[in-house]
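Student: take this sequence and fold it.
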Amino acid sequence: MIPKETPKTQIPPEDKEKLLKILEILYNDPQAYEFLRPVDYITLRILDYPSIVTHPMDLGTIKDKLISDKYTTIHEVISDVELVWD
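Tutor: Alright, predicted model coming up:
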């Protein structure tokens, strides 16, 4: 017998829309420019970056994950947003 997968829960659409609006506000803040995309540590020659920043996160990745339903709770989104500035 093949075990059934546990169904993945999703953030309700109305909450997802609110989160996307919040991300849009963050995106449009001029001070957020450096946090819109992953750090290109190779081009920037910060080769020890992965050993210093063990869980890199940026606003673009959060937006992509939210749009593609990779988050199952609002708490996961908030945790990733906190990682951006941690």
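
Student: any idea which element the residue most central in space within the chain lies in?
Tutor: In the chain, the C-alpha nearest the mean C-alpha coordinate belongs to residue 62, at 2.2 Å (C-alpha atoms, centre = their mean). Assigned by DSSP states H and E, residue 62 falls within helix 59-67.

Student: run the chain-centre distance for the next helix or strand after that helix.
Tutor: Per DSSP H and E, the first helix or strand lying C-terminal to helix 59-67 is helix 74-84. Centroid separation for helix 74-84 versus its chain: 7 Å, with C-alpha atoms, centre = their mean, to the nearest Å.

Student: do the same with stretch 75-86
Tutor: 7 Å.

Student: can I get the CA coordinates of it in CSV?
Tutor: C-alpha atoms of stretch 75-86 as CSV (Å, rounded to 0.1, in the frame of the first residue of the first chain):
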residue,chain,number,x,y,z
HIS,A,75,4.6,32.8,10.2
GLU,A,76,6.9,31.2,7.6
VAL,A,77,6.6,34.4,5.5
ILE,A,78,7.3,36.6,8.6
SER,A,79,10.3,34.5,9.5
ASP,A,80,11.8,34.9,6.0
VAL,A,81,11.2,38.7,6.1
GLU,A,82,13.0,38.9,9.4
LEU,A,83,15.9,36.9,7.9
VAL,A,84,16.4,39.6,5.3
TRP,A,85,17.4,42.1,8.0
ASP,A,86,18.9,39.6,10.5
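
Student: check which residues of it are buried.
Tutor: Neighbour-count burial for stretch 75-86 flags 77, 80, 81, 84 (criterion: 16 or more other C-beta atoms under 10 Å). Backbone N, C-alpha and C define where each C-beta goes, glycine included.

Student: what does it rub up against?
Tutor: Contacts to stretch 75-86, defined as C-beta atoms under 8 Å, 6 or more residues apart in numbering, come from residues 11, 19, 26, 35, 55-59, 61-62, 65-66, 71.

Student: now the two most distant members of these.
Tutor: Distance extremes for the contacts of stretch 75-86: the farthest pair is 11 and 56 at 22.5 Å, using C-beta to C-beta.
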